[in-house]
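Peer 1: Next one to model:
(chains A and B)
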Amino acid sequence: MNPFIVSPSPHIRSERTTRSIMLDVIIALCPAWLASVIIFGWRALLVSAVCILSCVLFEYFCRLLMKREQTIGDLSAVVTGLLLALNLPVTIPLWVAMFGSFIAIAVAKQLFGGIGQNFANPAITARVVLLAAFGGYMTNFTAPFDYAGADAVSAATPLALLASDGELPSLLQMFLGVKAGSMGEVSALALLIGGVYLVARRVIKPITPLVFVGTVFLLCGITGGQPLYQILSGGLLLGAIFMATDYATTPSTNWGKVIFGLGAGLLTFLIRTYGNYPEGVSFAILLMNILTPQIDKLTTRKPLGGKKVEKHA
Amino acid sequence: MLKLNGLRLLHYKNSQNAATVDMPVPKIVRIPMAQHMVAPCAPVVKPGDEVLAGQLIGDSEQAFSVPVHSSVSGKVKAVEEAVGPAGGLVRRVVIETDAEQRWIEGRPRTVTSQRELVEAAREAGLAGLGGAGFPTHIKLNYKDVDRVDALVINAAECEPYITSDYREMMENPDGILRGIQTVMRCLDIPRAFIGVEDNKPEAIALLNQKAAGTNIRVEPLKSIYPQGAEKVIIYNTTGRIVEEGEIPADKGVLVLNVTTVANLDRFLQTGLPLTHKRVTVDGSLVKKPMNIRAPIGTMISDLLAFAGVETDGVRKALMGGPMMGTALDTLETPLIKNNNAILVLGEEEARPPRTTACIRCGRCIDVCPMNLRPADLERAYDLRDTERLAALKVNLCINCGSCTYVCPAKRNLAQKHQLAKGLLKRK
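Peer 2: Okay, the predicted model is just below:
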């Protein structure tokens, strides 16, 4: 018997695995998760537990049903569940959260072939579907520190207040997250900590978030809005840092990321300013997800010393 | 200026301060007739013949071939056929060594023209010693001698572990510079660059000191893999991009490995062809990393025994570096000219990782020095889409392995590219 392993080069591999990347994303989401529990109470923990558990279970059963290799070990379903939870108001009925998890995992992800194959971000898709189907539940926001959970008195988000000229929280409150909104989107501080962690761990490049947020800021500034309030409001930071940087559904080239950020920023601004919805981040990201293959094609670098690529059908 | 992509690797240059140790002549050597690219040689000796060290034992009429010389004195025992590390059948001349190690009479020579230089390189038995094994005389014999105006000496040694080129620079700087000057004189090349990765500051300082006042510039290069890839080092020393289908001479550049040029000089000084090679012996199972100069044809098992390496736990043995080296199926394989390292790895490093689905993270795109899209190439190969493979320029892949290295899903991207090249060729 020959004891040697013969395999093609290279014979060394980096430490990075899909699971370690997903674990880093989970770690990066922890500050926002923690903030959601502090601001909205224990029900935040319950909602996220339900989302994570249902996402993992849906993934498990989808793979089982499709007779494919089991992939719950890569932790991507946990990331999707957590992200979805952070995109929901704390008052959301649990069965709606479960339905969202089904949309995210079964429809947006597994029907397209699982991790890496989906063209639209699962959590965003679920959020948009829930928003369209359960508009009332999805916009039933409570005031911060009102720990009554599902029975809490509803409150308006800063974006709704901006649209109706209501009284806004202070910028510091906005930054820390003392405001109404979805569970994970309120604390800019917590989201930024997560973003810095992801960049430091080289899980994401800062290009898309910077261009995305920068575009919204500039457009609001130019049109005489309140740019600081705009970038601290709604799901912008959550979306820009954690969803517009999703690998499978956003461009892989650096210039592609710039275009994606610009497009998402522009769409967010347009929806927020002129659209029927006070918030437009999810729609913007979803629309840009659809354009991603085209953006990638447009921004492909020329191979080094490559002669002109001949057109093919 | 364009910055080429690359990869930061751990260097593992454990053997860099291990001065070269000469290995005594083993009892038996098996010298392969193919130690270079393209056409193998035919033996010119038969069993029973007495041979001297340095004597010609294999040659070929074909242009793309490099003669083979005996590394020992002794008696030819057999001419055998065996499976080489690349997979094909290779003829080997088996020589039983005597204890005397008698040498042929070397005749030092001076060369002044391209023709003489080309002849000398062939007689010296030189093939690209960086690992590729391209016949050196072919490379030197480019048409229209005036078009090349820059000589690039590849001393990047960007593979982890390997320090054999580094030892050449530290131990034989005068020979290297003399060799470079000879090539420049014969080919009328006005300037030369020695590209060295900046993880070898002592070699850079030493060569700088020796090269003072000449047209030879030592170019410290960032220690980013694959700095020593031909197109990469040409770009990073001269700023020229060798395009698809071109050879470096088309852009006025000639690239030679530092040990190749040193051995060219050795031949001119002594008249003795390439018979011995310095190899780095290292790897997780090696307690004392070494640089050993051994006769070509020495069995790897004998070499490791000399280095005092316990081979029981070996699960993977490599000829060359961990990024581009060849995995051996047995230690009963002879050392050849273009070997620069023998690495032995234990269970933990040898076990291939489990491959999972591509998550389109784009890391492979970020590291590809040729600006290719490795994951897209893999997908195109899996679909046998030759049109797309050609459009994505799979033939520009240099098989450096960077994409496979970074892939978090542990996909064998570089391997797929090699298979894709074969698919395109067959089509």
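
Peer 1: Nearest to chain A: which residue in the stretch 251-400 of chain B?
Peer 2: B:G362 (3.5 Å; Cβ to the nearest Cβ). From N, CA and C alone the C-beta is placed, and that goes for glycine too.

Peer 1: If you drop the residues flanking it in sequence, what lies closest to that residue?
Peer 2: A:S252 (3.5 Å; Cβ to Cβ, 6 or more residues apart in numbering or on different chains).

Peer 1: need the helix or strand of chain A with the lowest average pLDDT.
Peer 2: Ranking every helix and strand in chain A by mean pLDDT, DSSP states H and E puts helix A:158-164 at the bottom, with a mean of 79.

Peer 1: What's the first helix or strand after that one?
Peer 2: Using DSSP states H and E, the helix or strand that follows helix A:158-164 in sequence is helix A:171-176.

Peer 1: what mean pLDDT would you report for that next one?
Peer 2: Averaging pLDDT along helix A:171-176 gives 88.

Peer 1: who's in contact with that helix?
Peer 2: A:P158, A:L168, A:K179, A:S187, A:A188, A:L189, A:L228, A:Y229, A:L232, A:S233 (Cβ atoms under 8 Å, 6 or more residues apart in numbering or on different chains).

Peer 1: low-scoring stretches of the stretch 101-250 of chain A, by residue?
Peer 2: A:149-152 (pLDDT under 70).

Peer 1: Return the residues of it in contact with chain B.
Peer 2: A:G114, A:I115, A:G116, A:Q117, A:Y247, A:A248 (Cβ under 8 Å from any Cβ of the partner chain).

Peer 1: The second one in helix, strand or coil?
Peer 2: Secondary structure assignment for A:I115 (DSSP: H, G, I helix; E, B strand; the rest coil): coil.

Peer 1: Double-check it against B:I359; I have them as touching.
Peer 2: Yes: when contacts are counted by Cβ atoms under 8 Å, A:I115 is listed as touching B:I359 (5.7 Å).

Peer 1: what sits in contact with each of these two?
Peer 2: Common neighbours of A:I115 and B:I359, using Cβ under 8 Å, 6+ apart, are A:T18, A:S76, A:A248.

Peer 1: ok, the first one touching A:V79?
Peer 2: It refers to A:T18. No: A:T18 is beyond contact range of A:V79, at 10.8 Å (criterion: Cβ under 8 Å).

Peer 1: Most proximal residue of the stretch 201-313 of chain A with respect to chain B?
Peer 2: A:S252 (3.5 Å).

Peer 1: which SSE is that residue in?
Peer 2: Under the criterion of DSSP H and E, A:S252 resides outside all helices and strands.

Peer 1: From the structure, what's the count of residues near it?
Peer 2: 23 (other Cβ atoms under 10 Å in any protein chain shown).

Peer 1: give the contact list for it.
Peer 2: Counting by Cβ under 8 Å, 6+ apart, A:S252 has contacts A:D296, B:R360, B:C361, B:G362, B:I365, B:R373.

Peer 1: and what of B:P408?
Peer 2: A:S14, A:R16, A:T17, A:T18, A:S20, A:I21, B:I359, B:C361, B:R363.

Peer 1: of these, buried ones?
Peer 2: A:S14, A:R16, A:T17, A:T18, A:I21, B:I359, B:C361, B:R363 (16 or more other Cβ atoms under 10 Å in any protein chain shown).

Peer 1: wait, which of those is closest to B:G74?
Peer 2: For the buried ones among the contacts of B:P408, the closest approach to B:G74 (Cβ to Cβ) belongs to A:S14, at 46.9 Å.

Peer 1: Against chain B, how distant is the closest one?
Peer 2: Counting by Cβ to the nearest Cβ, to the nearest Å, the separation of A:S14 from chain B is 5 Å.

Peer 1: What is the helix or strand containing B:Y166 packed up against?
Peer 2: Secondary structure from DSSP H and E places B:Y166 in helix B:164-171. Helices and strands touching helix B:164-171, by 3 or more Cβ pairs under 8 Å, 6 or more residues apart in numbering or on different chains; DSSP states H and E, are helix B:201-211, helix B:258-270, strand B:276-282.

Peer 1: can you give me the angle it makes with helix B:258-270?
Peer 2: Helix B:164-171 and helix B:258-270 are oriented at 50 degrees to each other (axes from the mean of the first three to the mean of the last three Cα atoms, to 10 degrees).

Peer 1: Next, count neighbours for A:G166.
Peer 2: The burial count for A:G166: 11, using other Cβ under 10 Å.

Peer 1: One more: the one 3 residues further on?
Peer 2: When neighbours are defined as other Cβ under 10 Å, A:P169 has 19 of them.

Peer 1: Just confirm it contacts A:L159, I think it does.
Peer 2: No: applying Cβ under 8 Å as the test, A:P169 and A:L159 come out as separate, 11.8 Å apart.

Peer 1: Secondary structure element holding B:A375?
Peer 2: helix B:374-382.

Peer 1: Send over that helix as CSV, restricted to the C-alpha atoms.
Peer 2: This file holds the C-alpha atoms of helix B:374-382, laid out as CSV (Å, rounded to 0.1, in the frame of the first residue of the first chain):
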residue,chain,number,x,y,z
PRO,B,374,-10.9,31.7,-11.5
ALA,B,375,-14.3,30.8,-10.2
ASP,B,376,-15.9,31.7,-13.6
LEU,B,377,-13.3,29.6,-15.3
GLU,B,378,-14.1,26.7,-13.1
ARG,B,379,-17.8,27.0,-13.9
ALA,B,380,-17.0,27.2,-17.6
TYR,B,381,-14.8,24.1,-17.4
ASP,B,382,-17.5,22.2,-15.5
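
Peer 1: how would you label whatever residue of the stretch 151-300 of chain B ends up closest to chain A: helix, strand or coil?
Peer 2: Nearest residue of the stretch 151-300 of chain B to chain A, counting by Cβ to the nearest Cβ: B:E243, 4.0 Å away. Three-state call for B:E243 (three-state DSSP): coil.

Peer 1: show me the contacts for B:A357.
Peer 2: With Cβ under 8 Å, 6+ apart, B:A357 has these contacts: A:T18, A:T71, A:G114, A:I115, A:G116, A:Q117, B:A409.

Peer 1: Report the two of those residues separated the most.
Peer 2: Most distant of those, by Cβ to Cβ, are A:T18 and A:Q117, 13.4 Å apart.

Peer 1: Those residues of the stretch 51-200 of chain B touching chain A, which are they?
Peer 2: Near chain A, when you scan the stretch 51-200 of chain B using Cβ under 8 Å from any Cβ, you find B:P160.
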